[in-house]
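Visitor: Got a predicted structure plus its sequence, pasted below:
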Amino acid sequence: RKEVEQDPGPFNVPEGATVAFNCTYSNSASQSFFWYRQDCRKEPKLLMSVYSSGNEDGRFTAQLNRASQYISLLIRDSKLSDSATYLCAVNTGYSTLTFGKGTMLLVSP
Amino acid sequence: GAVVSQHPSWVICKSGTSVKIECRSLDFQATTMFWYRQFPKQSLMLMATSNEGSKATYEQGVEKDKFLINHASLTLSTLTVTSAHPEDSSFYICSARGLVDTQYFGPGTRLTVL
């Protein structure tokens, strides 16, 4: 089993839709979890950290399920500008992040 | 947020030459920086962890003699791809560790080896 797995997509959704991605991880000792956004041919940008109690930032909600070893990202009221690849990242050692391959989101008018 | 710069942003070189990429943390000190490589439609793959003042730690399968890393100061790490070959063509991205284990990425360097 890969350390961090994501559905590559693409997820095609209309503007205004709600979309959710999951990311599973294999190392039960993982401590920190993050969602990054990567636009085509650009570097990843931190979208949000994922806390145990779940956290929300505007239209974005991240949750962690330790029992099932997955994190999720929910995007409400999708905008065209949300089109990107969303990478989950898991801290599997001191400061070392392991990234998933990313989930591509395409928001259409 | 924290700013990390990378230079150059793109480079085209002939096979056999060496290419040096710089990674700088502009508004914070980073004792730890990371070097990643990303091939098209693939995930970020960690190449090495660079610690200021000490030798870099390379991931399995990454040749330390080919990818030379120097982290001489708290704001600068360099990656030198020695004797580059076409298969080294990739998107090289550095990141610097900030507070609370977050990583801030540089804009990346696109290397094309002819």
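Guide: It's in.
Visitor: going forward, measure contacts and count neighbours with C-alpha atoms only.
Guide: Noted.
Visitor: what sits up against the lowest-mean-pLDDT helix or strand in chain B?
Guide: Ranked by mean pLDDT, DSSP states H and E, the helix or strand of chain B with the weakest confidence is strand B:103-105, at a mean of 87. For strand B:103-105, the surrounding residues in contact (CA atoms under 8 Å, 6 or more residues apart in numbering or on different chains) are A:43-46, B:2-4, B:93-98.
Visitor: So what's the gap between it and the chain middle?
Guide: Centroid separation for strand B:103-105 versus its chain: 12 Å, with CA atoms, centre = their mean, to the nearest Å.
Visitor: what lines up beside that strand in the sheet?
Guide: Strand pairing for strand B:103-105, using DSSP bridges, gives strand B:90-97 (antiparallel).
Visitor: Hmm, A:T61 and A:I75 touching each other?
Guide: Yes. Counting by CA atoms under 8 Å, A:I75 does reach A:T61; the two are 6.7 Å apart.
Visitor: For the closest residue to chain A within chain B, give me its contacts.
Guide: Distance from chain A to each residue of chain B (CA to the nearest CA) is smallest for B:S43, at 4.2 Å. Neighbouring residues of B:S43 by CA under 8 Å, 6+ apart: A:F99, A:G100, A:K101, A:G102.
Visitor: Which pLDDT value belongs to the spatially closest residue to B:H7 that is not a sequence neighbour?
Guide: Of all residues not flanking B:H7 in the chain, B:E22 sits nearest, at 5.2 Å (CA to CA, 6 or more residues apart in numbering or on different chains). Here, the pLDDT recorded for B:E22 equals 97.
Visitor: what lines up beside the helix or strand harbouring B:E22 in the sheet?
Guide: Under the criterion of DSSP states H and E, B:E22 resides in strand B:19-25. Strand B:19-25 sits in its sheet next to strand B:4-7 (antiparallel), strand B:76-81 (antiparallel), going by DSSP bridges.
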